[in-house]
Structure formats: C-alpha cells, structure tokens
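# the following block contains a protein sequence and its predicted model.
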Protein chains: 4
Amino acid sequence: MLKIGLLGCGRIGQVHARSIAQIDKARVSAVADAVPDAAKALAKTTGSEVMSPEALITSPDVDAIVIGTPTDTHYDLIHSAARAGKAIFCEKPVDLSADRIQDCLKLIQDTNTPFLTAFNRRFDPNFANLQSRIAAGDIGEVEIVTILSRDPSPPTISYIKSSGGLFRDMMIHDLDMARFLLGEEPVSVYAVGSSLVDPDIGRAGDVDTAAVTLTTASGKICQISNSRRASFGYDQRVEVHGSKGMLRADNMLENTVEIATETGFRKAPAQHFFLERYEAAYRAEMVHFVQALVENVPMSPSITDGLNAQILADGAARSLELGRPISVG
Amino acid sequence: MLKIGLLGCGRIGQVHARSIAQIDKARVSAVADAVPDAAKALAKTTGSEVMSPEALITSPDVDAIVIGTPTDTHYDLIHSAARAGKAIFCEKPVDLSADRIQDCLKLIQDTNTPFLTAFNRRFDPNFANLQSRIAAGDIGEVEIVTILSRDPSPPTISYIKSSGGLFRDMMIHDLDMARFLLGEEPVSVYAVGSSLVDPDIGRAGDVDTAAVTLTTASGKICQISNSRRASFGYDQRVEVHGSKGMLRADNMLENTVEIATETGFRKAPAQHFFLERYEAAYRAEMVHFVQALVENVPMSPSITDGLNAQILADGAARSLELGRPISVG
Amino acid sequence: MLKIGLLGCGRIGQVHARSIAQIDKARVSAVADAVPDAAKALAKTTGSEVMSPEALITSPDVDAIVIGTPTDTHYDLIHSAARAGKAIFCEKPVDLSADRIQDCLKLIQDTNTPFLTAFNRRFDPNFANLQSRIAAGDIGEVEIVTILSRDPSPPTISYIKSSGGLFRDMMIHDLDMARFLLGEEPVSVYAVGSSLVDPDIGRAGDVDTAAVTLTTASGKICQISNSRRASFGYDQRVEVHGSKGMLRADNMLENTVEIATETGFRKAPAQHFFLERYEAAYRAEMVHFVQALVENVPMSPSITDGLNAQILADGAARSLELGRPISVG
Amino acid sequence: MLKIGLLGCGRIGQVHARSIAQIDKARVSAVADAVPDAAKALAKTTGSEVMSPEALITSPDVDAIVIGTPTDTHYDLIHSAARAGKAIFCEKPVDLSADRIQDCLKLIQDTNTPFLTAFNRRFDPNFANLQSRIAAGDIGEVEIVTILSRDPSPPTISYIKSSGGLFRDMMIHDLDMARFLLGEEPVSVYAVGSSLVDPDIGRAGDVDTAAVTLTTASGKICQISNSRRASFGYDQRVEVHGSKGMLRADNMLENTVEIATETGFRKAPAQHFFLERYEAAYRAEMVHFVQALVENVPMSPSITDGLNAQILADGAARSLELGRPISVG
C-alpha cells in the first residue's frame, strides 16, 4: 500500500484525494495546508493525519508527495521532497521560471527521484485515445496540429496578476498538448495576443485572447488559439491533420439530449467546469502515478516535459513582446 | 432523342420538365393540362407544343408519357397510353383502389408497356446509398427497419378529404420504403392513429398521427411513424438494424452552420419544402426512366411495386378501422 | 446517518455499495448474501457487518434495505422488510407476476413503507433531462414516443429461460420509460417478435427481436423496438415528437474522438457495458432514495410504477401469443 | 435580357454557362476560347455565337463579360473590356501582381465599370449564412477566426510552377474569407510553411502545407491552415469565436448516411470535387452579378477586395521568405 502525503488541501488537493480513494494500492496517509481547517477537513475525509509540510515530507509514513500548493512554493518543496527520497507528483507549472525548473530537473536526475509533472490533459481519455492512434499510425505522418482552447470565463484580476500571464498559466496546457501530439520538438514559436475580453486584463499587462504558431525541424506546424471566455462552456478541442487522415476530439457536452424546433437542432452546452470536464483525466493521472511507482517503471510527463512546456510559454511571451518569432530548442 | 409528353403542368409537372431539361437524351415534346395557361407557360419554358391529352397520347411526336395529373385521372390515362404503345412514368399513387391498379397492372403486362411508379424517395441519394449498402451486405441480415416520417405542416382539409387518407396519401411513401429496405414482403400490418394535430382532420374522418408495424414471413419487423406536423422541417429519417450493424439516413439540414452560445450548440432546421428536400431524387428518378427506355432495360419501381404499396396502405387503413392486425400478401 | 442493509452482494449490490460510499448522509451497515465469500468481501470494502438476511432485516442497525437478490426472492424479502418497518429499495422487476406485485403494493400501502422500484434509466442524466423538458412544455404536447433499445449481445440461454422472457426482462425498462415520457397511461399494447439473433432463444420459447406499439386514451402513440444484439455497443435511444418540437437522447459513445479518412468520418462505438453506460444513473438513483428518506418526501418510481410496467410487459407477452392488441389499464 | 460574353470555355467557363442558363434575366450571347473546339462546343450548348476575344469584347450583342481565361491574360482583357464599356466578372486572382491589380483598379474606377472579383466562397450558402449572422450580431464582437482549408489532392507540378505559389493560388481564397469574416482589415501577416505532401513541390520552390496568422488593428486574430492533401475529401471549414458565442460551418458530406458497426459510427467522406462542393456558390455568385447589373446596384466582392486579398497573399509569401511577420495595410 503506497502512502501518499498531500501538500495543499485546496480544490485540487481534494480532487487528488478523491482519486487516491478509488485506487486499491494507495491511500492518503498525511495532509498539510497553510490553512489549518482545510487540512483538518481533508484529514477527516481521508482518514489521515495532519502534519506540517516539513514533517510530512520526512515522515516515514509517507512514500510519495503530491504537491498541490501555490506555484511559488513548488521549488522548495520539490527540493525537500527529493532530498527526503520521496516520489513527487507536482501540479503544473513546476515553476514560473524555466531556470528554476532546470535546477529542479538536475536535482531530480541526481537523486533519481520519480517525478510526474501533472499535465492532466494528457490523461483525458479522448486526448489519450487520439494520441495513441497517431502513435499507431492511423493518420500517417502528423502535419498540422490545431488546438482550440477557451476557458468559460476569465479568472479574477488578482489571479491574473500572479499567474505568470496567459501563456504560462493557460496556454501551457496547450503547449504541452502540442508537444504530445507533434511527436517532435518545436523549434520556433510565434505569438500574437490582445485584450478583447476584459480591458482590465490588458491593464494588468496580460492578454486574454491569443494565438501561437509552432514549427518543428521537419516542417510540422501547430496552431493554438486561446480565449479567456467562451459563452458555450469549457471549449477544449484538438485536431491533427496527417498524411493519411485526420483525428479530432470534440467537446464534452453536458448531456446527449437534442431538441428540434423551428430554430433548428440544439444540443447541450459544453461542460463548464474544468474539474467536471477533466474528472476522468485527474483520476487516470493519479492511477498512472501510483502504478508507475508500484511497478517501478518510468512515469510521464516527466519534469523535462514540464521544463520544455515552460520554455515554449516563455518563448511565446517573448515573441508577443518583440513582435517576431522566437527560436526555441 | 426521347420525346416526352407531359400530362399535367402543375408543380410536379414543372419539376419533371426541369429534370428532363438536364438530360441530354430526352426532351419535352408536348404538354397538356386542364388549365390552358398552365400548359402554355410550360410549353414556352420547354419549347414544346400544347396538345389535348388525347392528341398528346397518340402523337407520333411523343415516345413516353409522364402522368402528373390528379390521381382519379391516372386509370384512364394509363389505359390510353398503354394502348397507344407509349412508355409510362406515373406519379404515385397509381390509383386509390388496389383493384383498379390490378387492372392497370394486367394491361401493362399484356401490352408489355415500360412503366415506372414514381416513388421518388427510392432515388434520394441518401436512401439509395443506404439500400445499396444493405444489398451489399454491409450490415448483414436486415432485422428491424425504423421509418420516421413527418410533414412540416398539414395540408388543407379539402385536400385531406380527397386524399384517400393518411395511409394512402402520406404513409404510402414509407410503406414503399419499408418494402425497398426489408427486401421481403410484409405479411401483416397493424396500424394505430389519432388526430392530434388538427381536430378538423379527425372530423374529416382521417388521422394526422399514425404508426404502423409490419412483419415479414421470416420475422423481420418494420415500424413506421407519421405526423402531419414537424416544427423543425420535413422530417425524413430511415434506420435499419441488421445482424452486423446499423445504417441510418439523417435529415437534410438547411445548411452546415452551427452556433454555440450559452444555450448550447444549434444547427439549422431540416429543409422544409419537399421539392427542395427531394430535388436530387426527382432528377435521378427521371434519369433512370430515360436511361431504362434508351437502353431497353427494366425499370423500377414497377407497377407491381405501386400495387403492393397500395395493398399495404389499404391494410393499414383497415387495421385502424378494425383495431387489429391485418394479413397481407 | 442513514444505515443501509444490502441484500445481495453480487454485481448490482456492489454498484449500490459504491454509490452509497459517495453519499455523505448514508452508509452500508450490514450485508447479506447466499454466497458467504461475496458477503465477506463486500463487508470488508464497505466496513460493514455480515448478517443473515433475516437478522439484517430486523437489525436495529439497519434503517433501509436494498434488495439486489434474484427476482424470485423479492416477494418474501419485501414482506419481511415492510413488516420490520424498513424502507425498501428494490431492483426491478419487483416480481415476475403482476398479482404478486399487487400483494406487495397492498402491504406497502398498508404499512406506509417508503419504497423505490429501481428503474435506473429514469435517473440517467440524459433521459431525466429530456423528461424534465417535456414536463416544462419545451415541445408542447407529447404525440409520438420512439424508443430504440438494443443490448450489445444476448445473455446465456440459461438466463433467458429464467428471465420471464424479453418483454418482462429487457423491454420492461422501455415500457417504464414509455410511461415516464408519455405522461399518460397506455390503454392498448400490441407486440410482434421473432428469433433472429439466436435460434436457441426461439427454441427456449422466447424472442430476441421485438417491437411494441402502445396507445393512450387521448391518442398518443409509443413505438418500442428491442434486439438482443447490437454490434456497435449498448444502443439506448429515446425520441419524443411533440406538437411544438422534438427531443431525443442519443447514445453515449466511448469517447469524443473522430477519425477522417478516405472511408469517411468515424466516431467511437457506443459504450458497451450497462454498468458503464448507466453509472451516473445508478448513482443518482441511490442519491434520490437516500434524500427522499432523509427529507421524508415521496420517492419515485413507486411500487405502482413497478406494477404498471409489469402489466404492460404481461400484455405484450400475451399480445405476441394471441397475435392481436391487448387492452390494458 | 442581359447578354453575356464568355471569355474562356474551359471547366470554369462551362460552370458559369450553366449558371447563366438558370437565370431568367440573362443569357450567353457569345463565347471565345483559344481552343476553337472548346468555343464551338459551348456555343452549341448555350445557343450563342463563337467570336474572337476582341470581337466579343466590342460586340454590341454583349453587355457583360465573364473572364475565365488563364490569369496572365486577365490584365489585358480587363483593360479592353473596361474601355469598351462592358461590365466585368473576373475569375480570381485578378492578377498575380498587386501592382497590376492596382492599375486595373484605377481603370475600373475611372471608367466606372461594374466589376466582380469572383471569390466564389463568399456565395457558398453556408459561409454566407455564417457571415450574415456575424453581421447581425449573433455572436457579438468577432475575436478569433479559424479557417481550415485542405484540397483533396495536390495539382500537377507544372500547375504549381505557374500558380504563383500556395499563398496566391490556394490560400488567397482563405485570405479573402478572413477579410470577409473579420470585418476589419488585417495589419500584420505571419506565415510558416513546408513541403510535407510532395517533395517535388518543395523542389519547385513552393510549399504544400502552410499556416498564416493575421491580426487587425483592434486585436482580432485569424489563423488559417492549408494543406494540398486531405484523404477524406475537400476540407473546407470556418469557425468564428466571438464575445457572445461561436459560429462554425462544417464540411459538406457526400450523403447523410451513417453506418454503425463494432468499429463505431461512420459517416460519408466530404465531397471531393470543388465544382460539386461549391456548385451552389457558383450559381449564387452569377445570380448576384446579374442582379446587381439589372438593378444597377453595387456588386461585391469588388476589385479592391481582389487587390487586398492579393496584398495579403504577397505578404504571406514574403513573411515565409523572411521568417518574420509583415506589416500590411
């Protein structure tokens, strides 16, 4: 039985706790949170102990650590956990600075620490199925990847300010998805963006509408577009055009019901809430982490994946700033 | 060049004239209509001559006759035309009485007259494709046929009164489609029906909402449902469940545009007007008639198909009257 | 905290145990099964006690009973539980005999026992949404209900033999759905059926392909078709045609991925396994049961719903036998 | 009756002749082609006269000219026709050089010549419907336009060599569509491209796979992707994300039939042939031209639209060459 310590008992920590509860070979043994009540509540639900982060990380009752705390705490927690010999499941982004992720990467390699960068979308059953079919050659060689990704509504301005900006906060998921689907590293990134959804986002120095173009050495192309708003739900679509065909994953709708009236045929909106939309992905991601540890096999996405996505996000941000494509990789 | 005489210059006669205009090997040579202006107008468009029906039928300038006049005139016109040695394209229903169709059938066989019963839906590219794939074995043995057929809005009460009733006027198309798809003759028919759309239809002795169940000797089943009203357009769907799979043909929508808003994803209504919905079918039907004549090969659906559909419609009407299934065939 | 005793620890009992585990206000307190190991296993998972059925039913540690045992045991267990003053959640069918359900109904009413007939499909989020929109008047008056329901593959012949036949075992779900959607009791039922999937099913005296027509006093119509086989998954579709529009619920597919190649655009098959297809329904059904008990409000579907569906299934079986429609209600 | 002279009797000239044949207020009065037999054939079909281009342009029997000859002849023909006082319908591209289009534009304005640049896609019923709904405010402000456009298969290398390259030959349609949908002029264009479909295309100095990003002054974004190959047919999709919703137009499939088997649900491929896919658009485009002339109202797209699309195509080609975004407009 794998004993897992949860660092962070907020919304995402609770999601991971629920996932672990459904896995036979693992259980939550300890929890920590800056807010004592949050820790207590989750300890109660999971039948685990409240500890300080330091105690949790070094506890003999903890085999693996799930880091679900604010991004700026990841660096130190990763270092402590790796030195304490614990396996690490770390929420994305690993850090807002690629250099600091590089530091973590070195440590992870030196200490041979099992590490999962929690890009949950790779575990979405739809996207995972799509990627496995690319890998199986169902559409021949990948040529053009198109990613359409829109949040239902923008976060608060205070969140925006500490988020690292749209490219590092939101598009990083799509940049990782691009790498996942292209099967080849991007060598250039070009970004455009503007503030069309909320002028306050622009005033805060960020964009809310953006598009990125990636190219690879062999000439594959990826186009990504993002908006912080979509009236019809959480818009999450992926399409891959290959030499022999095309694969696409459409949105998950709220239900399968369709109504037909004089105005036409209407289906339900897309699921709005990211925890609902990616419920299966969060579960599958934790299953993978536990299974890889129990069976002692490599896990993926690695910290290198976390680093490479961050480098692309940094490149996109710099491209927008400079108004020209940036070489990466 | 096949010379065609059009009997009836109304809406359906004009449709056939347009179809013929697009066929290289045929032309309209003569037209006739009880309304002189209608005949004149179509003669002008087609560059043909106005004649009396009698003159047209016996004219040496006419090789084949298209009968698009009111149903109660079909019987006599078929007789005249067959005796005059002309090929016949006859709008459905051939007649409202199966006995009288039987008479026509005998004459057609005795005179060896090429005859097409114009069940246009068999020529719809979707339904024709579906049927050809059944015939090719794509779904194995046919087991259950489901036909959903709804008009956009009811006809006038005066039309209803002279129509022969829903089963003979409207469902006859679906009964023919059932025969086309089952690939085996029905042996029993059971009908239910009511007047839910317009009480005046009920008062006129007809139903506007009906369902029929057909069975064949080998145990195949067909369910048909009809309504004289569908707010979302002309609802014309067919589905066939077989031992190895299922084939279905969905509605033709007005366009491919979809809008997504907070109420969901909305596509256009179904095409409303039967002449638009079945435009390609009307064209293909005339192409088949001309081609069969020119190449001297059999044409289909035959007058026997017209008779058998009528027998099913009569059976359905009688089933509704008696409240029990009727044996046919 | 509502204490629930599970009678039957097989597949369906385990489903209910998982549902209860996710409900804050309820827990499994006791389990019973004719197979001791099955009971022990579920007791361990749920942290509950193994008891004999008799002890469980009368235990002060049990407030409500979930009956998931073979159908022929339901009658006695319902009687014991009602007399012991326990609320009852009973798997469908309540019994294979309408008379015996009538007995149970009388007892339930006399003892004022909270009772849920577990027609899980009413709790499917799609069908529930569809029905609530009918109730809200979104499509005006219901006119024609069409239910297409096909199992992925037939059960074993031994199962068939003790099942009560297709109408009582399989179509009963659709007959209940028909009642749920029509909003009015059927007054006549007509059934046809044959053995096209497996001749052994025919030899066992049952059909594997069937269609039923229901009518109500006001003239509403329902058509149901069933097959014991569908190559493309568990086919579960419902469509309601009303005076102002149409509502339909399509199948749940395995994922949202679509591939396009020279053969066209291909989506995933329908989910195959009923426990996966109706996972959300099973959960919602138990939530409703617990909530109704905790809040002391009526629950639905009632035992009367169980009885009425059984009467329709009996009518369908008799109609098939006699070859004519049967009056019911 | 508007008398139209056709310059060019090839495939596209024949399409326009068929469209004119269906318009009451217009007829083909004269045709010209460098290949005498082609001219003769079309003259016969249309009942018109064969003339030399020069005679046709100045003939009193010609009110309007349809230019469907090779691109490098457009410039001179436009000049002759405008000087002869004829209205002009000109196939796209007007010319491969923006400067030369500028010359034509000046002449057209000076001579007040009615001129239609035949960007047929604007007349496609789907795209036209989509654009009119944007204009009606159905999705609020346009924010992101996505255009996915793929040919079924690449043209010959000899065609490629004289085509002006992918951006001027193929993407120009999408660049015009972008302007049509953005409702605001692009100010920057960035292009990437590669030769993934056929290395010979690369050797000929062109790309076969490309993506372009456009931005407007107010921050709207457009992403276009092109491939010279799509196994599943002629892939022509457009999507517009706005502040209040999203509009998209999907592909036109060969038929509405869907087959379900153990591999899933399969629909037909997209229509392959551009003349079939855009049949309705070609017809509507000619109707607009004739109607605008007859009613003496402005026609659109204008020669300025032709020029602006060309400037974008030139910008895209230059962007690809220089590896950076290009300012336009």
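Structure's in. What do you need?
# which residues sit in contact with the closest residue to residue A:181 other than its chain neighbours?
Distances taken as C-beta to C-beta, 6 or more residues apart in numbering or on different chains place residue A:145 nearest to residue A:181, at 5.0 Å, with adjacent residues excluded. For glycine as for every other residue, the C-beta is placed from the backbone atoms N, C-alpha and C. The contact partners of residue A:145, by C-beta atoms under 8 Å, 6 or more residues apart in numbering or on different chains, come to A:178, A:181, A:182, A:220, A:221, A:222, A:223, A:238, A:239, A:240, A:241.
# what does the stretch 151-300 of chain A put close to chain B?
Residues of the stretch 151-300 of chain A found near chain B (C-beta under 8 Å from any C-beta of the partner chain) are A:230-232, A:253-254, A:260-270.
# just the buried residues from those residues, in ChimeraX please.
Buried residues among those (16 or more other C-beta atoms under 10 Å in any protein chain shown), as a ChimeraX selection:
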select /A:230,231,232,253,254,260,261,264,265,266,267,268,269,270
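# now go through the residues of the stretch 151-300 of chain A next to chain B and say which are in strands.
Of the positions in those, A:260, A:261, A:264, A:265, A:266, A:267 sit in strands, assigned by DSSP state E.
# what separation is there between the closest residue to the second one other than its chain neighbours and residue B:223?
Looking back up the chat, that one is residue A:261. Of all residues not flanking residue A:261 in the chain, residue C:245 sits nearest, at 3.8 Å (C-beta to C-beta, 6+ apart). Residue C:245 sits 21 Å away from residue B:223, going by C-beta to C-beta, to the nearest Å.
# the two: which has the busier surroundings?
residue B:223 (24 against 21; other C-beta atoms under 10 Å in any protein chain shown).
# pull the most distant pair out of the residues of the stretch 151-300 of chain A next to chain B.
A:230 and A:262 (26.4 Å; C-beta to C-beta).
# how far away is residue A:328 from chain D?
14 Å (C-beta to the nearest C-beta, to the nearest Å).
# quick one: contacts for that residue?
Applying C-beta under 8 Å, 6+ apart, the residues near residue A:328 are A:186, A:187, A:188, A:189, A:311, A:312, A:315.
# which of those residues are buried, as a ChimeraX select command?
Applying 16+ other C-beta under 10 Å to those leaves a buried subset, and the ChimeraX line that selects it is:
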select /A:186,188,189,311,312,315
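# so which of the contacts of residue A:328 belong to helices?
A:311, A:312, A:315 (DSSP state H).
# pull out the buried positions in the helix or strand of chain A with the lowest mean pLDDT.
Ranked by mean pLDDT, DSSP states H and E, the helix or strand of chain A with the weakest confidence is helix A:274-277, at a mean of 92. Across helix A:274-277, burial judged by 16+ other C-beta under 10 Å covers A:274, A:277.
# now what about it, what contacts it?
Contact with helix A:274-277 is made by A:11, A:15, A:234, A:236, A:252, A:270, A:271, A:282, as judged by C-beta under 8 Å, 6+ apart.
# okay, those residues in CSV with distance to residue B:99 and pLDDT next?
Below are the contacts of helix A:274-277 laid out as CSV (distance: C-beta to C-beta, whole Å; pLDDT from 0 to 100):
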residue, distance to residue B:99, pLDDT
A:11, 77, 94
A:15, 74, 96
A:234, 65, 97
A:236, 64, 98
A:252, 59, 97
A:270, 59, 97
A:271, 61, 96
A:282, 71, 97
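# which of those has the most neighbours?
Tallying neighbours with other C-beta under 10 Å puts residue A:236 at the head of the contacts of helix A:274-277, with 28 neighbours.
# my read: that residue touches residue A:250, true?
No: checked against C-beta atoms under 8 Å, the pair residue A:236 and residue A:250 is beyond contact range at 9.1 Å.
# now residue A:164, nearest residue through space, not along the chain?
Nearest one to residue A:164, counting by C-beta to C-beta, 6+ apart, is residue A:96 at 4.3 Å.
# what does chain A put close to chain C?
Residues of chain A lying near chain C (C-beta under 8 Å from any C-beta): A:125-126, A:129-130, A:133, A:138-139, A:244-252, A:255-262, A:268.
# narrow those residues to those in strands?
For these, secondary structure assignment (DSSP E) places A:246, A:247, A:248, A:249, A:257, A:258, A:259, A:260, A:261 in strands.
# which residues sit in contact with the residue nearest to residue A:318 when sequence neighbours are not counted?
In space, and not counting its chain neighbours, residue A:318 is closest to residue A:326: 5.3 Å by C-beta to C-beta, 6+ apart. Neighbouring residues of residue A:326 by C-beta under 8 Å, 6+ apart: A:188, A:189, A:190, A:315, A:316, A:318, A:319.
# out of those, the closest to chain B would be?
Checking the contacts of residue A:326 against chain B with C-beta to the nearest C-beta, the nearest one is residue A:316 at 26.3 Å.
# helices along chain A, start to end?
A:11-21, A:36-46, A:53-58, A:71-83, A:98-111, A:125-135, A:157-161, A:166-169, A:171-182, A:199-203, A:274-277, A:279-295, A:303-322.
# can you lay out the ones you listed as a markdown table showing distance to residue C:36?
Formatted as a markdown table, those follow (distance: least, C-beta to C-beta, whole Å):
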| stretch | distance to residue C:36 |
| --- | --- |
| helix A:11-21 | 27 |
| helix A:36-46 | 31 |
| helix A:53-58 | 41 |
| helix A:71-83 | 45 |
| helix A:98-111 | 49 |
| helix A:125-135 | 37 |
| helix A:157-161 | 56 |
| helix A:166-169 | 55 |
| helix A:171-182 | 49 |
| helix A:199-203 | 64 |
| helix A:274-277 | 40 |
| helix A:279-295 | 31 |
| helix A:303-322 | 49 |
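# which stretch in these has the least confidence?
Ranked by mean pLDDT, these end with helix A:274-277 in last place, scoring a mean of 92.
# backbone phi and psi for the residue nearest to residue A:42 when sequence neighbours are not counted, please?
Distances taken as C-beta to C-beta, 6+ apart put residue A:9 closest to residue A:42, at 4.1 Å, once the chain neighbours are dropped. Main-chain torsions, residue A:9, degrees, to the nearest 10: phi -120, psi 20.
# what about residue A:9, how many neighbours?
Neighbour tally, residue A:9, other C-beta under 10 Å: 28.
# that one touches residue A:45, doesn't it?
No: at 9.6 Å, residue A:9 does not count as touching residue A:45 under the criterion of C-beta under 8 Å.
# joint contacts of these two?
When contacts are counted by C-beta under 8 Å, 6+ apart, the set common to residue A:9 and residue A:45 consists of residue A:17.
# now do the residue nearest the centre of chain A against residue A:305, distance only.
Nearest to the geometric centre of chain A sits residue A:119, at 3.1 Å (C-alpha atoms, centre = their mean). Noted for residue A:119: a distance of 7 Å to residue A:305, by C-beta to C-beta.
# and for the two, which residues touch both?
residue A:176.
# check chain A for me, the residue farthest from its geometric middle.
Chain A, farthest from centre, C-alpha atoms, centre = their mean: residue A:262 at 41.6 Å.
# may I ask you to confirm that that residue is in contact with residue B:254?
No: the criterion here is C-beta under 8 Å, and residue A:262 misses it with residue B:254 at 11.4 Å.
# pull up the overlap in contacts between the two.
Counting by C-beta under 8 Å, 6+ apart, the shared contacts of residue A:262 and residue B:254 are residue B:269.
# list the contacts of the nearest residue to residue A:111 once chain neighbours are set aside.
The shortest distance from residue A:111 to any non-neighbouring residue, by C-beta to C-beta, 6+ apart, is to residue A:82 (4.7 Å). For residue A:82, the contacting residues are A:88, A:104, A:107, A:108, A:111, A:113, A:115, by C-beta under 8 Å, 6+ apart.
# run a quick neighbour tally on the spatially closest residue to residue A:117 that is not a sequence neighbour.
Spatial nearest neighbour of residue A:117, chain neighbours left out: residue A:306 (3.5 Å); criterion: C-beta to C-beta, 6+ apart. Residues lying near residue A:306 (other C-beta under 10 Å) number 27.
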